[in-house]
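# give me a model of this one.
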Amino acid sequence: QVQLVESGGGLVQAGGSLRLSCAASARTFSRYARGWFRQAPGKEREFVAAISWSGDRTYYADSVKGRFTISRDNTKTTVYLQMNSLKPEDTAVYYCAARTIATMTSLYLTDYEYEYWGQGTQVSVSS
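Numbering: from 1, shown residues only. Next up, the predicted model:
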């Protein structure tokens, strides 16, 4: 069964950094578009960042642009979210996602476009 497993969440002070990882259980994920979303308590899930299958194109929500970086490893099965200059408002459960039907350079920005989801990892930023 195909799975996405996130790791790297935790508690950090404002201004600190964390790196989230999302490992895929199947090599076929190397050809999937990937994304990160987050959901804060009492709020809807929101888009954070996306990366194309090729890895050459990325896109960020305005709220994280310049602070977060999405990337994927050489095998393209693991995706990372490097989060710098964290703010209390970044506190949320972070989810990674994968879309199977994708062109090499397409980006997908809404949660309904993704088919596979990880279980989520908690990120808490204290002020």
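
# show me the beta-bridge partners of the residue nearest the centre of the chain.
Against the mean C-alpha coordinate of the chain, by C-alpha atoms, centre = their mean, the closest residue is W36 at 2.4 Å. Here W36 sits in beta bridges with A49, C96, as judged by DSSP bridges.

# for it, give me its contacts.
Contact analysis of W36 by C-beta atoms under 8 Å, 6 or more residues apart in numbering lists L20, C22, V48, A49, A50, I70, V79, L81, Y94, Y95, C96, A97. Any C-beta I mention is one placed from the backbone N, CA and C, and that applies to glycine too.

# kindly indicate which of the residues you listed lies nearest E115.
The closest of the contacts of W36 to E115 turns out to be A97 (C-beta to C-beta; 8.0 Å).

# please enumerate the strands of this protein.
With DSSP state E as the criterion, the chain has strands at 4-7, 10-13, 18-24, 33-39, 46-51, 58-60, 68-72, 78-83, 92-99, 116-117, 121-126.
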